[in-house]
Structures are given as C-alpha cells and as structure tokens.
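1. For reference, the sequence and a predicted model appear below.
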Amino acid sequence: MLANDTIGTGPRLQMLSGDENFNDEVETAFIRWSDAVNLAAKLRTMRMSRCQDGEAFAVLATNPKVRHPVKLDLMLIEADRISGDLKWLDDDTSVDGISFDHWGNPVDYRVLKYHPGDIHYMPGDDAIHVPSEYMIHIFRQDRPGLHRGIPELAAALPLFAQLRRYNLAVLSAAEAAADFAAILYTDAPPNGESDDVEPMDSIPLERNMMLTVPAGWKMGQLDPKQPAANHSEFVKIILAEIARCVCSTYGTLAGDFSGHNYASGRLDNQIYHKSILVDRSFWETEVLNRIFEVWFREYSLTGMQLTPAERHTWFWDGFPHVDPGKEATAQEKRLANNTTTLAAECAKDGRDYMSVLRQRAKEIKLMKELGIPLNADAPAETVQPEPETNDGSEPKDVMDE
C-alpha cells in the first residue's frame, strides 16, 4: 500500500531550462534509462524496506548489462549486510558499519559480501567498503544522533501479536462449537424416569438421516458464543492503531470505508495524502536528486550532451478525486481567477502541462480537419445546481431524481 501510493508508477523528470529541445531530449533519455534499470520497481522495494526494516540502502554502480548508453544502475542492498567489524572499543567514528567524519557526515559504508543468514557467511570475512557518494541510505530520523533506521511498524508489533492471539482464540472457540453436530441432554433429575445413556458416547451422523433419541432425552446443538458481537469492533480498533504508525487511517489500511460518509471519507484520504506528499518531498531530496546528478554526469560523458545540469523537478502520480465533477469546476474557477496555473493543475495529476498543450493542439487541429465541433462551439448545456448538504452525506445525482 505505502509503496504503491508513494512511488506509484514512478516519478517523472521535468527539466526547467529555456531550451525546450534540450528538455525533451534529456527527459526522454531519462525515461528510457529508468525503464532499462526498472527504477520504479526498485524505488517501491526501497519504500517497503524502509517500512519493515527501518531503512533502505542502494549503491550507484556501473552495470554493463544495462540496455542504455548510460550504464548506471541502482543496486539494492539488504540492511543486514551493512554491519561493523565488532571493534567498538577501538573505533569510535563508526556506527554499525557506517563511518563518519568529525562533522557527522557519512564517509564509508562497510558492506558484507554475504548476508549474515547466508550459508556462505563466516564471521570475520572481508567486507566491501563503498564511499558515501555512491551509497544512498534513507531512513526516518526520529531523534538527533540517530544513524540507523528503526522499522516504522516497530511500535505496532505488540498490536499484531494481540490481534493474532485474539483471532486464534475466537477461531478455536468457533471450531470447538462446530465440532459437535448435536448433543443429547435431559431435564430429568439424576434418578428420574429416563433411559440410561452411556456418558461421552458418540453417534456417527449421516446426511438427511432420521434419528430417534432415548426416552426422556432431547437433542440440541451447542450454542456458539464466538465470534462475539464486538469482535469486528475490536479488530477495527487494533487496525486503526496500527495504521497510525505509518500516518494512515483505518479506511485506507483495511480498504473499508463502509462506516464513512462522503465528508469523513474525504477527510480520511486528505490526512493520508498529506503524509504521502511529505514523504515524496523526502524522496526527491534524498534519492531522486542524487540519482539524477550521477546519471546526468554520465549522460554528458556519453557525448550526447555537454551542458551542465539544469534546474529540474519531479512529477508523481496524482490522487483521484471522489467527485471529478466538483474538482473540475473548482479547477476551472481557480484558473479563471488566476489563483493557480495550468502547470500546477497538471502537476497534481502527475502530468507535464507542455505535453498536455501540445497534445491538445494536435487534437484540436485534427478535429477541425474532420469537421468535428469543439466543445466551445457545441450548444451550452443547462446544469441544475446541486442542493447544499450540510450533513456530510454524498451529493445526490440529478439523473437519479
């Protein structure tokens, strides 16, 4: 969920130089290189690693098998492979495999050749030292002086255990009740008039059979008490607490908005989307800009371009609106009163406004050649205003009335 929502189909580069031909050439080359190294999938893996491991490592290395003139590749490293050499008393400038200078900047990363859980790993084996300029290390620094990451779901580990124990107990109780097809019981006193029945005796039952019971005895089924009426509410509360560890909500985590109305559903999404925007800004600074800097340097060395790196920005997948009609109306008003720009509105959807305008110009030209009327030439359609709702419910569709 986090990887798909944060990274999505992958970021798109937009150059901001004054030369449009140069911009298009660099953007196209970067897109082709991204596809060649499968950049979007690797970024999604890094996002999942940061959630479950607390951090993610990637080495900017040369890969001759990359099907692109730029042979740069992003090689992911398991966090367990970044480890020190067990000399804490002799070395006070490193923290668990990361060496720092006197200003606290990472200088060197010690990477084990094999994972500690690998059969080929032996304690004391030589390791590979990677300079910091070729290593990407991302984690959430919750405290000053923190140099290694803590899993984002660490605070929720007891909650997962509680939920598992509770569900297993409920399932065991339900299974125990279901194991008994029927039971024989009597309301007669111990010395009453009823036939003797062997205690704990069992009778195999067949489908659609008719059964007679001993005199004075009745047949009934065991009344299951689990799952109780508050079972779903307990599960919902636990999942809501777990979701807060990653700045999410119950509706987003469980994919269940059945208990929300129109307003509360949008509010839940706004809280989650805000955290995604903050996280994307972090990825641009710590990951994407560093990748582009090294990529553009090698791109220039291929002889394609000898121009220094220009200003650039990144586009991400947009968040779909629950009411596209209202969003389109609001967008039209913002553009009309000059409180936004076409570039900003297209960026919200993860699109480049220049590409949109060029494509739209081609479509308009073709429509004129084919004699297809444009929207501006079509007769105006009368739209009835939607009734105001203050209870947070979803607006009614005029066609449904």
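-> Nice, I can see it. Residues are numbered from 1 along each chain as shown.
2. And the helix-or-strand element of the chain with minimal mean pLDDT, what does it pack against?
-> Ranked by mean pLDDT, DSSP states H and E, the weakest helix or strand in the chain is strand 183-185, scoring a mean of 71. Applying 3 or more Cβ pairs under 8 Å, 6 or more residues apart in numbering; DSSP states H and E, one finds that strand 183-185 makes contact with strand 218-220. Using the backbone N, CA and C atoms, a C-beta is placed for each residue, glycine as well.
3. what residues does the strand it packs on touch?
-> 182-187, 211, 213 (Cβ atoms under 8 Å, 6 or more residues apart in numbering).
4. quick one: strands adjacent to it?
-> Strand 218-220 pairs in its sheet with strand 183-185 (antiparallel), by DSSP bridges.
5. Off-centre distance for the strand it pairs with?
-> Relative to its chain's centre, strand 183-185 lies at 53 Å (Cα atoms, centre = their mean, to the nearest Å).
6. And the strands in the stretch 51-200 of the chain, which stretches?
-> In the stretch 51-200 of the chain, the segments counted as strands under DSSP state E, counting those that start in this stretch are 55-62, 72-77, 94-95, 98-100, 106-112, 127-131, 135-139, 183-185.
7. just so I know, which of these lies nearest Phe282?
-> Ranking the strands of the stretch 51-200 of the chain by proximity to Phe282 (Cβ to Cβ) places strand 135-139 first, at 7.6 Å.
8. Pairing partners for the closest one, with directions?
-> Take DSSP bridges as the rule and strand 135-139 pairs in its sheet with strand 55-62 (antiparallel).
9. Restricting the selection to alpha carbons, write stretch 207-227 to CSV.
-> Listed next in CSV are the C-alpha coordinates belonging to stretch 207-227 (Å, rounded to 0.1, in the frame of the first residue of the first chain):
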residue,chain,number,x,y,z
ARG,A,207,-26.8,-36.5,5.8
ASN,A,208,-30.6,-36.4,5.7
MET,A,209,-30.9,-39.2,8.3
MET,A,210,-33.8,-39.5,10.8
LEU,A,211,-32.7,-40.3,14.4
THR,A,212,-34.6,-41.4,17.4
VAL,A,213,-33.4,-40.5,20.9
PRO,A,214,-33.7,-42.4,24.1
ALA,A,215,-36.8,-41.7,26.2
GLY,A,216,-36.5,-38.6,28.4
TRP,A,217,-33.7,-37.2,26.3
LYS,A,218,-33.6,-34.2,23.9
MET,A,219,-31.3,-33.4,21.0
GLY,A,220,-29.9,-29.9,20.6
GLN,A,221,-27.0,-28.0,19.2
LEU,A,222,-24.2,-26.3,21.0
ASP,A,223,-24.8,-22.5,21.1
PRO,A,224,-21.6,-20.9,19.7
LYS,A,225,-20.6,-17.7,21.6
GLN,A,226,-17.8,-16.7,19.2
PRO,A,227,-17.3,-14.6,17.3
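10. residues near Gln226, how many?
-> Gln226: 14 surrounding residues under other Cβ atoms under 10 Å.
11. Now do the closest residue to it other than its chain neighbours: how many residues are near it, please.
-> Nearest non-adjacent residue to Gln226, counting by Cβ to Cβ, 6 or more residues apart in numbering: Ala173, 3.8 Å away. Neighbour count of Ala173, defined by other Cβ under 10 Å: 15.
12. From Asp256, how far off is Gly84?
-> Gly84 sits 44 Å away from Asp256, going by Cβ to Cβ, to the nearest Å.
13. typo on my end, Glu133
-> To Asp256, Glu133 is 46 Å away according to Cβ to Cβ.
14. Identify the bridge partners of the closest residue to Arg50 other than its chain neighbours.
-> Among residues not flanking Arg50 along the chain, Ala56 sits closest, at 4.8 Å (Cβ to Cβ, 6+ apart). Listed by DSSP bridges, the beta-bridge partners for Ala56 are Ile138.
15. How about the contacts made by Ala56?
-> By Cβ under 8 Å, 6+ apart, the neighbours of Ala56 are 45-47, 49-50, 76, 79, 136-139.
16. rewinding a little: Gly84 and Asp256: who's more crowded?
-> For Gly84 and Asp256, the more surrounded residue by other Cβ under 10 Å is Gly84, and the numbers stand at 15 against 12.
17. Return the residues in contact with that one.
-> Residues in contact with Gly84 (Cβ under 8 Å, 6+ apart) are 91, 94-97, 110.
18. Got phi/psi on it?
-> Torsion angles at Gly84 (phi, psi; degrees, to the nearest 10) stand at phi -80, psi 180.
19. same thing with Asp256?
-> Dihedral angles (degrees, to the nearest 10) for Asp256: phi -130, psi 110.
20. okay but it is in contact with Tyr250, surely?
-> Yes - taking contacts as Cβ atoms under 8 Å, Asp256 lies within contact range of Tyr250: 7.4 Å.
21. Might one say that Ile136 is in contact with Arg50?
-> No - at 11.4 Å, Ile136 does not count as touching Arg50 under the criterion of Cβ under 8 Å.
22. just to revisit the earlier point, can you list the strands of the stretch 51-200 of the chain in TSV and add distance to Gly220?
-> Putting the strands of the stretch 51-200 of the chain into TSV (distance: least, Cβ to Cβ, whole Å) gives the following:
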stretch	distance to Gly220
strand 55-62	59
strand 72-77	61
strand 94-95	67
strand 98-100	68
strand 106-112	64
strand 127-131	69
strand 135-139	60
strand 183-185	6
